[in-house]
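Novice: here is my input, please return the structure:
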Amino acid sequence: MSESIHGHQVMEMMLDHGESLTPQALKALMHAKFGANALYHTCSAQEMDADALIVFLEKKGKFIHSEAGIATAADRICSH
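Specialist: Numbering: from 1, shown residues only. Now for the predicted structure:
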């Protein structure tokens, strides 16, 4: 079994991508980078699949919405 991926890594990947993504495109990017069966965790949750992490990050206000989709910003990534 592979190591769990921290949500910060997904948000950093979004920053590197540099463009807004639909949730479906974000999921595809996550699968391409981390694998379709990857599990994710954050500072307060664990054992999430890609869909669950996207929902979690949305609820935590980590996304910036636009007509093009969702993006994030460095100041939305906690630093602990």
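Novice: and the gap between the most centrally placed residue in the chain and Glu67?
Specialist: Nearest residue to the geometric centre of the chain (C-alpha atoms, centre = their mean): Val10, 3.9 Å. Here Val10 is placed at a distance of 22 Å from Glu67 (C-beta to C-beta, to the nearest Å). Yep, even glycine has a C-beta here, placed from its N, CA and C like the rest.
Novice: quick one: contacts for the residue nearest to the centre of the chain?
Specialist: Each residue near Val10 by C-beta atoms under 8 Å, 6 or more residues apart in numbering is listed here: 26, 30, 34, 40, 53, 57.
Novice: tell me the two of these that are most distant?
Specialist: Phe34 and Leu57 (14.6 Å; C-beta to C-beta).
Novice: so what's the residue count around Thr22?
Specialist: 11 (other C-beta atoms under 10 Å).
Novice: before we move on, what about Leu15?
Specialist: 13.
Novice: my guess is it contacts Ile64, does it?
Specialist: No. Leu15 lies out of contact with Ile64 (C-beta atoms under 8 Å); the separation is 11.1 Å.
Novice: what touches both of the two?
Specialist: Joint contacts of Leu15 and Ile64 (C-beta under 8 Å, 6+ apart) are 72-73.
Novice: which positions within stretch 53-66 qualify as buried?
Specialist: 53-54, 56-57, 62-63 (16 or more other C-beta atoms under 10 Å).
Novice: before we move on, what about stretch 11-31?
Specialist: Quick answer for stretch 11-31 (16+ other C-beta under 10 Å): 11, 13-14, 20-21, 26-27, 29-30.
Novice: contacting residues around His8?
Specialist: 42, 77-78.
Novice: gap between the residue nearest to the centre of the chain and Phe56?
Specialist: Taken as C-beta to C-beta, the span from Val10 to Phe56 is 10 Å.
Novice: with that, I have no additional questions.
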